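Q: Please find the sequence and the predicted model below.
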Amino acid sequence: MGKFDFDRQEMIALLKDRDITNECLLRAMATVERHLFVPEAFKNRAYEDSALPIGSGQTISQPYTVAFMTQVLQVKKGDKVLEVGTGSGYQAVILAEMGARVFTIERDLDLLAGARKMFDKLGYRIASKGGDGTVGWTEFAPFDGIIVTAGAPNVPQPLLDQLADGARLVIPVGDLDIQTLTVCTRNGDKFDHREIEGFKFVPLIGKMGWR
Ligand SMILES: C[S@@+](CC[C@H](N)C(=O)[O-])C[C@H]1O[C@@H](n2cnc3c(N)ncnc32)[C@H](O)[C@@H]1O
């Protein structure tokens, strides 16, 4: 047993208690070592259900938030998924471990460099770029799912435009203090919206985000 294996199992038990039922997702979160994605000083807290600092004033999201958003996204093996807000790279690796083809965008180039090192070190093929993810990644659209891991003032239209038919966009929307997790599902030219209360994220900064 590795030093953190027991802690990781406890994290999985907590996720199951909180209605995370997607087996493929639970397997991915039981496999990917979250402690590798947090700075040395926080490794001992890597499997607590809390967000942790990753540098540049940013955070790795709380495990329950990662699990909940990924479950809502309904990722299937082979799906093409766009993530906005690479941060540490943990969420992108969870999606890749579930068999998705992952494209991820990060505006902070230092964080992006760190995440890319992790992708290489762990052997995941994940496409990434630096820049403003609020405008999406048109070259690779449409996507079967889009997940935004920072809080936006409203739903960026370019991200809706880049959804495949039947695909979902999962994005926290609200003011800078508290957001509602918004799930937009494309149905031809229409979009169904569902809202889930009570999430807290760092701000999404960009052309279609906070200035
Ligand atoms: C909560 S953190 C991401 C957590 C990350 N998914 C992980 O697994 O570690 C949100 C990230 O979104 C990034 N971000 C904010 N606005 C952005 C934008 N317009 N485009 C791309 N990334 C953005 C921040 O720099 C930050 O790294």
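A: Nice, thanks for sending it over. Numbering: from 1, shown residues only.
Q: Could you find the closest non-adjacent residue to the residue sitting nearest the centre point of the chain?
A: Central residue of the chain (CA atoms, centre = their mean): Gln91, 4.3 Å from the mean position. By the measure of CB to CB, 6 or more residues apart in numbering, the closest residue to Gln91 outside its immediate chain neighbours is Val66, 5.5 Å from it. In short, each C-beta sits where N, CA and C put it, glycine included.
Q: what about that neighbour, how many residues close to it?
A: 25 (other CB atoms under 10 Å).
Q: in which helix or strand would I find it?
A: Using DSSP states H and E, Val66 falls within helix 63-73.
Q: pLDDT of that helix, averaged?
A: For helix 63-73, mean pLDDT rounds to 97.
Q: Close to the ligand: what parts of the protein are there?
A: When proximity is defined by CB under 6 Å from any ligand atom, the chain lies next to the ligand at 58-61, 84-85, 87-88, 90-91, 105-108, 111, 132-134, 149-150, 201-202, 204-206, 209.
Q: on that earlier part again, by contact count, what packs against the helix holding Val66?
A: helix 5-17, helix 23-31, helix 90-97, strand 143-148, strand 163-174, strand 179-187 (3 or more CB pairs under 8 Å, 6 or more residues apart in numbering; DSSP states H and E).
Q: Can you verify Glu195 is assigned to a helix?
A: No - using DSSP: H, G, I helix; E, B strand; the rest coil, the assignment for Glu195 is strand, not a helix.
Q: Find the least confident helix or strand in the chain, judged by mean pLDDT.
A: Each helix and strand of the chain was given a mean pLDDT (mean pLDDT, DSSP states H and E); the minimum falls on strand 190-199 at a mean of 93.
Q: Out of the residues of the chain next to the ligand, which end up buried?
A: 58-61, 84-85, 87-88, 90-91, 105-108, 111, 132-134, 149-150, 201-202, 204-206, 209 (16 or more other CB atoms under 10 Å).
Q: List the ones among those residues that fall in strands.
A: Among these, DSSP state E puts 58-60, 84, 105-106 in strands.
Q: still on that earlier bit, so which residues make contact with the least confident helix or strand of the chain?
A: Strand 190-199 has contacts (CB atoms under 8 Å, 6 or more residues apart in numbering) with 65, 72, 151, 160, 172, 178-185.
Q: That one pairs with which strands, and in what direction?
A: Sheet pairing for strand 190-199, assigned by DSSP bridges, gives strand 179-187 (antiparallel).
Q: Can you name the residues in contact with the strand it pairs with?
A: Outside strand 179-187, the residues touching it (CB under 8 Å, 6+ apart) are 68-69, 72, 151-152, 155, 160, 163-174, 191-201.
Q: 7 Å instead, please
A: 69, 72, 151, 155, 160, 163-174, 191-197, 199-201 (CB atoms under 7 Å, 6 or more residues apart in numbering).
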